[in-house]
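**Student:** I would like the atomic coordinates for the input below:
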Amino acid sequence: MLGPREEAYPIRITHICKHWRAVALGAPPLWTNIVLNHPVGLKVFLERSKALPVHISLTTSQTPILGSIKLIASQYHRVRTLKLRVPARVDLQSIMNRLKGIAAPLLEELSIDNTDKEPLRRPRAQPSDLVPPPQFAGTPALRSLSLCGAPLPYIPTPNALTHIDLAGLLPTLPVLLDLLQSTPLLETLILDRNRQGGVFNRDGLQLAREVGLPRLRLFHMHTYPPAGIASLLSTLALPRGATIELDAPLDIVNDYEELFPAGDATPLALQAFDGGILRRLEVIWYDSTVCLQGYSGPDDIHSPLLRISADAVEAYPDRRFLGGWVFDVSCVETLILCGGFVSADHWEPNVEALGWRSGLAGLPALKTLRIMSLNQHNMLEFMTQLSTPRPAMLSPKLETLELVDLWLPPPKFWEKIYAFASQRAVDGCLHTLVLSNVGRIPWVATGEKIATLKGLGVDVVIDE
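**Tutor:** Numbering: from 1, shown residues only. Modelled structure (predicted):
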């Protein structure tokens with residue numbers, strides 16, 4: 001957004017001298033980029049731009065605003081860009097009603113937002129009995145639609161939409177699917193983005209139908225309830241390798257089943273990762289959040305293709321986040337498991353033994369495994385499952401085991417580590433054991449066991 005000096009640039013030219021003023025007033029292109037922090041001046045810019053296409057960006061804390069909206073509506077036929085940021089106390093429905101039904105054949109970008117920074121404490125869902133927005137053919141050039149707290153005025157058909165960002169007042173699922181079905185060129189779909197707390201009305205969540213978005217590159221969704229996310233995941237057919245980001249506030253501790261219903265079927269949207277496109281997984285849980293991230297490269301740490309974050313009272317990776325994978329993990333080579341236990345002052349829930357086993361069993365190509373910040377119970381249970389011998393050996397291709405930031409591992413844990421490394425050096429592919437910030441290691445003092453492991457071909461790397 002331009003500051004006061006920049007937005008007043010054409011006005012300042014007219015105040016230099018009579019000649020410059022005459023030149024400026026006779027140059028309509030000078031007045032077509034309308035960037036204002038106050039409604040005053042809008043009429044002047046529109047008049048001086050004559051009949052040329054205009055770009056309007058109006059950010060104001062002033063009310064009332066409907067006079068300015070009426071003025072914009074009268075010139076809507078030549079507007080290419082319309083960006084409005086107004087106070088939350090302004091009735092955005094009234095603004096949309098003023099613009100609804102007016103043909104804007106040049107309009108390429110429509111953005112309605114409010115100037116308040118804080119999200120709504122009690123986000124609203126669209127009433128299920130609300131009259132659905134009509135189809136409208138008056139904006140065929142529309143490429144970008146961004147509405148924060150404003151209702152969807154119509155479904156533009158046809159359109160050139162490549163970007164949709166809806167927050168605060170999501171349409172019902174059937175209406176959203178109608179919108180998406182009319183946007184075959186869509187590349188970015190953002191629902192809520194954690195601004196203003198978008199909510200789906202539960203009515204109609206089971207009325208899903210398949211909608212293909214063959215050009216989509218990014219699908220970002222932060223909304224409630226989880227069943228709404230699940231419905232969209234089962235509905236949208238996305239291209240291979242699209243980036244998917246999901247944030248799900250959960251009601252109770254084990255509400256994951258609403259996000260990923262029981263069953264082995266991969267949700268339609270997550271089939272974008274079929275064919276072994278994911279090579280690295282991270283599962284992180286701390287306090288009230290569990291997060292799963294998937295990357296296309298085994299060493300990639302910057303650009304996840306998949307991110308699923310869930311907030312709960314006691315967040316921990318149950319079988320829907322660790323094992324029972326709901327997407328293709330057949331080619332994953334690197335797995336990072338990071339708990340939230342860093343000292344006695346922190347509490348971390350215990351993960352069921354079945355979770356560790358099913359999680360590892362589903363990763364046949366795993367080569368590198370890093371374990372971080374687990375409590376003592378989880379350390380022992382994890383190593384018990386990982387140490388299962390043939391023929392039920394888990395992750396038989398494992399080459400590197402990294403233990404990082406473990407707080408006071410018990411002696412029994414170190415016995416299991418040594419036994420595991422010795423066994424896998426002979427029966428498996430293990431060749432590297434990394435121990436970083438793990439406290440005192442009982443069998444390191446004499447060096448005998450380290451020498452034994454090295455004799456078996458295992459390189460032990462200790463980083464204090």
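
**Student:** remind me which residues of the stretch 1-150 of the chain are low pLDDT?
**Tutor:** Low-confidence segments of the stretch 1-150 of the chain (pLDDT under 70): 1-8, 115-130.

**Student:** Residue 112 against residue 145, yeah?
**Tutor:** No. Counting by Cβ atoms under 8 Å, residue 112 stays clear of residue 145, with 9.3 Å between them. Bear in mind the C-beta positions are built from the backbone N, C-alpha and C, glycine included.

**Student:** Now for residue 110, how many residues are close by?
**Tutor:** 22 (other Cβ atoms under 10 Å).

**Student:** For residue 38, see how far away it is.
**Tutor:** According to Cβ to Cβ, to the nearest Å, residue 110 stands 21 Å off from residue 38.

**Student:** what's the distance between the residue nearest to residue 75 when sequence neighbours are not counted and residue 63?
**Tutor:** Excluding its sequence neighbours, the residue lying closest to residue 75 (Cβ to Cβ, 6 or more residues apart in numbering) is residue 46, at 5.4 Å. Remark: distance between residue 46 and residue 63 (Cβ to Cβ) = 21 Å.

**Student:** likewise residue 160?
**Tutor:** Per Cβ to Cβ, residue 160 is found 33 Å from residue 63.

**Student:** hmm, back to that, compare residue 46 and residue 63 and say which is more crowded by neighbours.
**Tutor:** In this view residue 46 and residue 63 are compared by other Cβ under 10 Å, and residue 46 has more residues nearby, 20 against 12.

**Student:** Can you tell me, leaving aside adjacent residues, what's nearest to residue 370?
**Tutor:** Using Cβ to Cβ, 6+ apart, the closest residue to residue 370 is residue 402 (4.1 Å).

**Student:** If you could redo that for residue 228, that was the one I meant.
**Tutor:** Leaving aside its sequence neighbours, residue 228 sits nearest to residue 200 (Cβ to Cβ, 6+ apart; 3.3 Å).

**Student:** about what we covered before: could you give the secondary structure assignment for the residue nearest to residue 75?
**Tutor:** What DSSP: H, G, I helix; E, B strand; the rest coil gives for residue 46 is helix.

**Student:** thinking it is in contact with residue 54, fair?
**Tutor:** Yes. Assessed by Cβ under 8 Å, residue 46 is found in contact with residue 54 at 7.0 Å.

**Student:** if I look at residue 64, how far off is residue 229?
**Tutor:** Distance of residue 64 to residue 229, computed by Cβ to Cβ: 38 Å.

**Student:** Mind checking which of those two has more residues around it?
**Tutor:** Using other Cβ under 10 Å, the more surrounded residue of residue 64 and residue 229 is residue 229, with 26 against 11.

**Student:** CA atoms only for the longest helix that the chain contains, dumped as CSV, please.
**Tutor:** If you go by DSSP state H, the chain has its longest helix at helix 411-427. Only the C-alpha atoms of helix 411-427 are listed here, as CSV (Å, rounded to 0.1, in the frame of the first residue of the first chain):
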residue,chain,number,x,y,z
PRO,A,411,20.2,-47.6,30.8
LYS,A,412,17.7,-50.1,29.3
PHE,A,413,17.3,-47.9,26.3
TRP,A,414,21.1,-47.9,25.6
GLU,A,415,21.1,-51.7,25.9
LYS,A,416,18.4,-51.8,23.2
ILE,A,417,20.3,-49.3,21.0
TYR,A,418,23.5,-51.4,21.1
ALA,A,419,21.6,-54.7,20.5
PHE,A,420,19.7,-53.1,17.6
ALA,A,421,22.9,-51.7,15.9
SER,A,422,24.7,-55.0,16.3
GLN,A,423,21.7,-57.0,14.9
ARG,A,424,21.1,-54.6,11.9
ALA,A,425,24.8,-54.5,11.0
VAL,A,426,24.6,-58.2,10.4
ASP,A,427,21.0,-58.8,9.2
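
**Student:** what separates the host helix or strand of residue 231 from the chain centre, distance-wise?
**Tutor:** According to DSSP states H and E, residue 231 maps onto helix 226-233. Relative to its chain's centre, helix 226-233 lies at 14 Å (Cα atoms, centre = their mean, to the nearest Å).

**Student:** repeat for stretch 390-401
**Tutor:** 33 Å.

**Student:** Can you list the buried residues in that stretch?
**Tutor:** For stretch 390-401, burial by neighbour count (16 or more other Cβ atoms under 10 Å) applies to 393, 394, 395, 398, 399, 400, 401.

**Student:** ok, which pair from those is furthest apart?
**Tutor:** Greatest spatial distance in the buried residues of stretch 390-401: 393 and 400, 16.3 Å, computed using Cβ to Cβ.

**Student:** on that earlier part again, kindly provide the distance from the residue nearest to residue 75 to residue 37.
**Tutor:** Remark: distance between residue 46 and residue 37 (Cβ to Cβ) = 17 Å.

**Student:** got it, and residue 24?
**Tutor:** Distance of residue 24 to residue 37, computed by Cβ to Cβ: 21 Å.

**Student:** Equivalent analysis for residue 339, please.
**Tutor:** Distance, residue 339 to residue 37, by Cβ to Cβ: 48 Å.
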